[in-house]
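Engineer: Whatever this is, show me its structure:
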Amino acid sequence: MYLKRITLQKEKLPNDNHFPFSIPVIKRLDQLDISSNVTFFVGENGSGKSTLLEAVADKCGFNTAGGGRNNYFDVHESNSALGNFITLSWMPKVTNGFFLRAETFHQFATHIDSIDEGSQAYGGKSLHHQSHGESFLSLFQYRFQQKAIYLLDEPEAALSPQRQLAFLRILHDLSANGNSQFIIATHSPILLGYPDATIFSFDDDSIQEIDYEDTDHYQITRYFLDNRERFLHEILKDE
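Structural biologist: Residues are numbered from 1 along each chain as shown. Below is the predicted model of the structure:
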């Protein structure tokens, strides 16, 4: 494990209430201690989990449009306003890694093709010549290596349930011996089930460690599967 702590420099925060400083979780953040090789951020959209993950990527020197330290391309609104106001504590520090933004993966794939890296580095086939799910798995299989930190924002976006299970195998192979670290923002109850991971919930305006069975993702999914007809009747019935 490499990244040990994320600290917000509150004394340096601007005196305004603009995004992202208006997010309640960010307002209340002092420091977040990381104690696992695999850490999940969960919470509703807008809760701040992706904002904090992007700030960590910025502080790591990764391209906040998506990619590693040597991937230079840009997308609209890819800069992190929060990155200048956090500090990262390492032991030891690593410079290898990758930041995955699911919504900008197409631009990353175009960037890879433009530098003539695609066919060599991703299984001998351009990422654009693979399905969305195949290209994600190719990234995980061929780009992700040992002794690195990986920051993934909703990697399940392109992965079927079966491919999410395949990703869990890759995650385990890389992280089990402590040579790779993952911080993942996700809505997937499958990914969240990874054993011995730490889950931080960004709901209720603060960051709290939570058990897998206490996440909304697990509880709602289980209730739906166990009570599908009743659940659908309740949400679809006429007022």
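
Engineer: can you pull out the helices in this structure?
Structural biologist: 24-28, 49-60, 105-114, 118-121, 132-138, 161-175, 189-192, 216-226, 228-236 (DSSP state H).

Engineer: isn't residue 135 right up against residue 158?
Structural biologist: Yes: Residue 135 is within contact range of residue 158, at 7.4 Å (criterion: C-beta atoms under 8 Å). Placement of C-beta: from N, CA and C, glycine included.

Engineer: neighbour-wise, which of the two wins?
Structural biologist: The neighbour comparison of residue 135 against residue 158 (other C-beta atoms under 10 Å) goes to residue 135, with 24 against 17.

Engineer: picking up where we left off before, highest average neighbour count across the helices of the chain: which stretch is it?
Structural biologist: helix 49-60 (a mean of 23; mean count of other C-beta atoms under 10 Å).

Engineer: That helix packs against which elements?
Structural biologist: strand 3-8, helix 24-28, strand 38-42, strand 86-90, strand 97-101, strand 148-153, strand 180-185 (3 or more C-beta pairs under 8 Å, 6 or more residues apart in numbering; DSSP states H and E).

Engineer: so where's this structure shaky on pLDDT?
Structural biologist: Applying pLDDT under 70 to the chain flags residues 70-80, 102-133, 239.

Engineer: Between the two ends of stretch 154-170, how far is it?
Structural biologist: 16 Å (C-alpha to C-alpha, to the nearest Å).

Engineer: Next: stretch 142-154.
Structural biologist: One end of stretch 142-154 sits 19 Å from the other (C-alpha to C-alpha).

Engineer: Could I get the buried residue list for that stretch?
Structural biologist: Applying a neighbour-count criterion of 16 or more other C-beta atoms under 10 Å, the buried positions in stretch 142-154 are 143, 144, 148, 149, 150, 151, 152, 153, 154.

Engineer: picking up where we left off before, switch the helices and strands packed on helix 49-60 over to TSV; also include distance to residue 194.
Structural biologist: Shown next, in TSV, are the helices and strands packed on helix 49-60 (distance: least, C-beta to C-beta, whole Å):
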stretch	distance to residue 194
strand 3-8	18
helix 24-28	23
strand 38-42	6
strand 86-90	23
strand 97-101	16
strand 148-153	12
strand 180-185	9
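
Engineer: Out of the ones you listed, which is closest to residue 51?
Structural biologist: Minimum separation from residue 51 across the helices and strands packed on helix 49-60 (C-beta to C-beta) falls at helix 24-28, 6.9 Å.
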